[in-house]
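*Asks:* Output the structure for:
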Amino acid sequence: MPAILSAPAETLTIRPWPDKVIDTLGHDPRSAYVETFWLGVLGPSTTWLLRRLVSDLEREPGGFELALGDTARALGLGMRGGRHSPFMRALTRLVQFEVAQPHGASLLVRRKVPPLTRRQLARLPAALQAEHLRLQQAELERPPFEEMRQRTRRLALSLIEVGEDIQSTERNLLRWGYHPALSREAAAWAWQRHQEEDLAKGDDAA
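*Replies:* Numbers count the residues shown, from 1 in each chain. Here you go, the predicted model:
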């Protein structure tokens with residue numbers, strides 16, 4: 001349970017959680033992607049709560065005061081039980097799955113959610129996993145992703161050229177905030193490109 005929610009309160013300050021990478025590559029919580037893939041991870045109550053918060057942030061981009069009781073009733077969630085009530089559990093799950101984070105007396109909420117991680121994807125039925133793979137491959141070809149992919153590839157190649165291996169390159173990209181799918185793809189591409197360049201240099205020397 002976030003510290004800001006540990007004491008009874010009637011309202012909670014909601015503010016946006018800016019993230020350049022996720023805001024570029026992520027999915028709107030009201031999108032078909034979230035309904036298809038994130039729903040089984042977050043659960044329906046938390047998904048609907050996130051959608052409500054993001055819609056309110058569109059109307060009030062700087063943040064707003066969330067009336068907890070009114071919001072719980074609007075979503076059909078109970079408030080009885082304090083920290084263990086259905087509504088408070090939904091708030092807590094937002095933090096657990098890193099689509100929100102406490103910040104002082106406020107709750108920062110992502111306006112976009114990232115694609116699923118490998119661990120989250122593994123919890124879905126096999127058919128959804130296959131559908132997710134097809135969708136991910138198609139999205140990597142779209143222009144906004146192409147620009148980010150080229151940037152990530154250049155950075156990955158720089159890491160490989162200074163002596164990093166493919167695993168450490170991927171870890172560094174992840175640590176710097178690049179999306180997992182792009183990090184894996186860029187590290188693999190850079191490693192192969194580096195190997196090809198080494199082979200070409202060997203052929204020229206011969």
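*Asks:* List the contacts of the one helix or strand in the chain whose mean pLDDT sits lowest.
*Replies:* Least confident element among the helices and strands of the chain, by mean pLDDT, DSSP states H and E: helix 20-25 (a mean of 76). With contacts defined as Cβ atoms under 8 Å, 6 or more residues apart in numbering, helix 20-25 is touched by 110-115, 144-145, 148, 177-179, 182. C-beta coordinates here come from the backbone N, C-alpha and C atoms, glycine included.
*Asks:* again, only using 7 Å
*Replies:* Helix 20-25 has contacts (Cβ atoms under 7 Å, 6 or more residues apart in numbering) with Arg110, Arg111, Lys112, Pro114, Pro144, Phe145, Met148, Gly177, Tyr178, His179.
*Asks:* before we move on, what about stretch 113-130?
*Replies:* Stretch 113-130 is contacted from outside by 22, 26-27, 29, 34, 37-38, 40-41, 99, 132, 136, 179-181, using Cβ under 7 Å, 6+ apart.
*Asks:* Stretch 91-107 - what's its average pLDDT?
*Replies:* For stretch 91-107, mean pLDDT is 92.
*Asks:* the domain parsing of this structure - what is it?
*Replies:* With domains defined by automatic domain parsing, the chain comprises 3-118, 140-205.
*Asks:* Throw those domains into JSON lines and include distance to Ala126, thanks.
*Replies:* Formatted as JSON lines, the domains of the chain follow (distance: least, Cβ to Cβ, whole Å):
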{"stretch": "domain 3-118", "distance to Ala126": "13"}
{"stretch": "domain 140-205", "distance to Ala126": "19"}
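*Asks:* in this protein, which spans are helices?
*Replies:* Ranges of helices in the chain, per DSSP state H, are 20-25, 32-33, 39-42, 44-59, 68-74, 86-96, 118-121, 126-139, 143-161, 166-175, 180-205.
*Asks:* quick one, which of these is nearest to Arg80?
*Replies:* Of all the helices of the chain, the one in closest proximity to Arg80, counting by Cβ to Cβ, is helix 86-96 (8.8 Å).
*Asks:* starting at the chain centroid, how far to the closest one?
*Replies:* 17 Å (Cα atoms, centre = their mean, to the nearest Å).
*Asks:* what's the answer for stretch 92-110, then?
*Replies:* Here stretch 92-110 is found 13 Å from its chain centre; the criterion is Cα atoms, centre = their mean.
*Asks:* Stretch 165-184 too?
*Replies:* Its chain's C-alpha centre and that of stretch 165-184 lie 15 Å apart, by Cα atoms, centre = their mean.
*Asks:* Lowest mean pLDDT across the domains of the chain, which one is that?
*Replies:* Mean pLDDT is lowest for domain 140-205 among these, at a mean of 83.
*Asks:* Nearest residue to the middle of this structure?
*Replies:* Centroid check for the chain by Cα atoms, centre = their mean gives Pro114 as the closest residue, at 2.4 Å.
*Asks:* Which one of the contacts of stretch 113-130 is nearest to Val54?
*Replies:* Closest approach to Val54 among those (Cβ to Cβ): Pro29, at 4.9 Å.
*Asks:* Just read off the phi/psi values of that closest one.
*Replies:* phi -60, psi -20 (degrees, to the nearest 10).
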